[in-house]
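K.L.:
task: produce atomic coordinates for the following.
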Amino acid sequence: MKIKHYEIEKLIGKGSFGDVYKGVDTRNGNTIALKLDTSGLKVLKHEVSILNYLYSENVSNIPKILWFGVIDNANILTMTYYKTSLQDYFDVKGFINEFKMSSIMIKSLDILRQVSMAQVIHRDIKPHNFMLTDGELNLIDFGLSTIYSYTHSDDDMLYEKEDLVGTPRFTSFYSHCGEPTSPRDDLLSLGYMYIYLNTGSLPWDEIERKETDLPLCNINHPDNLIRRDMKSPTAILPTLTGSLKNYMDYCYSLKCDDIPDYHNLMRIFTS
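P.N.:
A predicted model of the protein is given here:
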């Protein structure tokens, strides 16, 4: 299959908003990633807007947009191709030791620091969205990202969301509680990612499934209520040790509108 001057080689990912393909730019032979969205929800258009804004803020370690357009009512985005995600790396290794995880955390935190300084929240932090290339770490998939403000109105703070944004396994405790999202939530999701990559699983992976008519993204779905309780600070912090415990203690202590000290968090993993 060919779209414009891009030859599609194979499907490499499927999501709720469309498919991701590996392809080649026939003009120069470069490998590219192509996202095709037929959902009509304009997720790709939103991702392009976020990425262009992040470029204007000089944020690094994010994918480059090569082309964006509409063909046959489908939004199409071509961008940087990355071969290996942290999930792929984990699948090969089985788990990632604390020394390697410290390096991953420092690099991840530096990316989130840049993104946060531009007042953007990623909202889908997970191993699939961090890509490894020649020792560098890159953050992808900004389709669910949003601009935020540290100044919330009282109405914002009282408003409880009914739907989770992102991947429930890695969604933050405070998002499960329906609180407004902030950089704190990306940081907590990063902490859950550490647990998963270092131990091979998350405490809430083996939960008993219950019948319900609620969608999986609803915060009152039985699975999400269990995840919420297991992600609470009283449940999870006593199970942690070392650098990760110090990191998560700090992240759970943050209020929604607090500005995280990213440099201090990075120092936790250099000791």
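
K.L.:
so where's this structure uncertain?
P.N.:
16, 150-160 (pLDDT under 70).

K.L.:
what's around the closest residue to D37 other than its chain neighbours, how many residues?
P.N.:
The shortest distance from D37 to any non-neighbouring residue, by C-beta to C-beta, 6 or more residues apart in numbering, is to G18 (3.7 Å). (Each C-beta comes from the backbone N, C-alpha and C, glycine too.) Other residues within reach of G18, judged by other C-beta atoms under 10 Å, total 21.

K.L.:
could you do I96 as well?
P.N.:
20.

K.L.:
these two touch, right, it and Y89?
P.N.:
Yes. Using C-beta atoms under 8 Å, I96 makes contact with Y89 at a distance of 7.2 Å.

K.L.:
separation between S243 and I268?
P.N.:
Using C-beta to C-beta, to the nearest Å, we find S243 at a distance of 5 Å from I268.

K.L.:
in the protein, spot the strand with the most residues.
P.N.:
strand 6-15 (DSSP state E).

K.L.:
mind listing the strands for the stretch 51-200 of the chain?
P.N.:
Using DSSP state E, counting those that start in this stretch, the strands of the stretch 51-200 of the chain run over 65-71, 74-80, 84-85, 120-121, 130-133, 136-139, 146-147.

K.L.:
list the contacts of the most centrally placed residue in the chain.
P.N.:
The centre of the chain sits closest to I125, judged by C-alpha atoms, centre = their mean, with a distance of 2.1 Å. Applying C-beta atoms under 8 Å, 6 or more residues apart in numbering, we find I125 in contact with 112, 166, 170, 186, 189-190, 193.

K.L.:
swap in H263?
P.N.:
H263 touches R113, counting by C-beta under 8 Å, 6+ apart.

K.L.:
distance of it from E98?
P.N.:
For H263, the distance to E98 - C-beta to C-beta - is 21 Å.
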